[in-house]
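Chemist: build the 3D model from these lines:
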Amino acid sequence: MYKENQELLEIINRAIKKSESYIGKGEVATYIPELANVNPENFALSIVGVDGGLYEFGDTDTVFSMQSISKVISLIMALKDNDSDIVFKKIGTEASKYKFNSVIPIDDKPSNPFINAGAITTSSLITGEDIIDKFDRTLNMVRKLADSDDIRLIEEVYLSEMQTTDINRAIAYYLKSKGIFTEDAEKILDLYIRNCSIGLNSSQLAHIGAILANGGVSIDQSEEIISKEIVKIVISQMASCGMYERSGQYLLEVGIPSKSGVSGAILGVVPGKYGICVYSPRLDESGNSVRGTNLLKILSNELDLNIFL
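Modeler: You can find the predicted model right below:
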């Protein structure tokens, strides 16, 4: 541990300075029109310790949509609502070498919960009276994990995605045709897009990571929000499948279980230590934040955050 918080702050600030060499590299997501409207130079870093310490840098008040990071929440909800053997009878656990929105890695079932097909499947496993009830339960879980009621659906992103989601619609109908779920494909797709469109800031997302880092227990130790068994599954899947088809390379170079989203955010979990969120909208070809990925690599080296060391 560091003798003083000041020492930690100095290390983080040096890491941020090093990451500035990646400013301007990559492109924002344009296939979702609303995401193309963001300032590509936005930057935020939030780190929340399991001891409750909060470190904020940059535009930490900027709200962005969760996008694929919501797949972490969908998996949590699916595992809370069903036995794990039921969930993984419908979804695999292996990383995919294909794009996150590809139909190829479905085979008998989606290869993992963090490709689109996998997350559409976990969405079908969330229980509730109707889609609105299922979404409200999911949103309330996000609020609970983030310790903030100030988290809502970004209506503009939701509508923008619904108008441009033909590939996901095809995936949903394909999954239903294979009997992976029996519900109305349009309703499951709607829930999936709603979950992706939940808006929050980097500190709220880092707090979610801190809960996972703390074994599913609230930071004040007063409540188990998620069981340790679910946390173990979620973190292991983040480590092996969380960074799209670059997951293996990222785990090798960074060593922090993470989940990225095409809004430009990355959620990192360092078990027993920190939840981390980096937000920088310019993406590489796989859909991962360029500056965010490289900053996490720098932080991992400077702060000894690699889970394998």
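Chemist: so for the chain, the centremost residue is which one?
Modeler: Ile69 (1.9 Å; Cα atoms, centre = their mean).
Chemist: what's the nearest residue to it if we skip its chain neighbours?
Modeler: Gly261 (4.3 Å; Cβ to Cβ, 6 or more residues apart in numbering). Every residue, glycine included, has its C-beta placed from N, CA and C.
Chemist: stretch 30-40 - what's its average pLDDT?
Modeler: Taken as a whole, stretch 30-40 has a mean pLDDT of 93.
Chemist: end to end on it, go ahead and measure it.
Modeler: 11 Å (Cα to Cα, to the nearest Å).
Chemist: give me the neighbour count for the closest residue to Leu35 other than its chain neighbours.
Modeler: In this structure, Leu35 finds its nearest non-sequential neighbour in Ala29, 4.4 Å apart by Cβ to Cβ, 6+ apart. Using other Cβ atoms under 10 Å, the number of residues around Ala29 comes to 19.
Chemist: my guess is Ala29 meets Gly287, correct?
Modeler: Yes - judged on Cβ atoms under 8 Å, Ala29 makes contact with Gly287 at a distance of 7.2 Å.
Chemist: where does the residue nearest to Ile69 land on pLDDT?
Modeler: 97.
Chemist: can you tell me how far it sits from Asn195?
Modeler: For Gly261, the distance to Asn195 equals 11 Å [Cβ to Cβ, to the nearest Å].
Chemist: any weak-confidence spans in the protein?
Modeler: 1-4, 97-106 (pLDDT under 70).
Chemist: just the helices from it, written as ranges.
Modeler: Per DSSP state H, the chain carries helices over the ranges 5-19, 70-81, 84-90, 116-124, 131-146, 155-163, 166-177, 185-196, 202-213, 228-241, 247-253, 290-303.
Chemist: wait, which of these is closest to Lys25?
Modeler: helix 290-303 (4.8 Å; Cβ to Cβ).
Chemist: and that closest one, what other elements does it pack with?
Modeler: Judged by 3 or more Cβ pairs under 8 Å, 6 or more residues apart in numbering; DSSP states H and E, the packing partners of helix 290-303 are helix 5-19, strand 258-260, strand 265-270, strand 274-279.
Chemist: now do the buried residues in the first one.
Modeler: By 16 or more other Cβ atoms under 10 Å, the buried positions in helix 5-19 come out as Leu8, Ile12, Ala15, Ile16, Ser19.
Chemist: picking that back up, dump the helices and strands packed on helix 290-303 to a markdown table, plus distance to Val87.
Modeler: Formatted as a markdown table, those follow (distance: least, Cβ to Cβ, whole Å):
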| stretch | distance to Val87 |
| --- | --- |
| helix 5-19 | 36 |
| strand 258-260 | 17 |
| strand 265-270 | 20 |
| strand 274-279 | 23 |
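Chemist: for Gln163, find the nearest of these.
Modeler: strand 265-270 (22.4 Å).
Chemist: so how far is that closest one off the chain centroid?
Modeler: Relative to its parent chain, strand 265-270 has a centroid offset of 7 Å by Cα atoms, centre = their mean, to the nearest Å.
Chemist: what angle do it and helix 228-241 make?
Modeler: Interaxial angle, strand 265-270 versus helix 228-241 (axes from the mean of the first three to the mean of the last three Cα atoms, to 10 degrees): 120 degrees.
Chemist: so which elements touch strand 265-270?
Modeler: helix 202-213, helix 228-241, strand 258-260, strand 274-279, helix 290-303.
Chemist: if we use 6 Å, what do you get?
Modeler: On a contact count with 3 or more Cβ pairs under 6 Å, 6 or more residues apart in numbering; DSSP states H and E, strand 265-270 meets helix 202-213, strand 258-260, strand 274-279.
Chemist: got the angle for the last one vs helix 202-213?
Modeler: Between the axis of strand 274-279 and that of helix 202-213 there is an angle of 150 degrees, by the same axes, to 10 degrees.
Chemist: which strands and helices sit next to strand 274-279?
Modeler: Partner elements for strand 274-279 (3+ Cβ pairs under 6 Å, 6+ apart): strand 44-49, helix 202-213, strand 265-270.
Chemist: export the ones you listed as JSON lines, with columns for mean neighbour count and distance to Gly292.
Modeler: Converted to JSON lines, those look like this (neighbours: other Cβ atoms under 10 Å; distance: least, Cβ to Cβ, whole Å):
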{"stretch": "strand 44-49", "mean neighbour count": "25", "distance to Gly292": "9"}
{"stretch": "helix 202-213", "mean neighbour count": "27", "distance to Gly292": "10"}
{"stretch": "strand 265-270", "mean neighbour count": "28", "distance to Gly292": "4"}
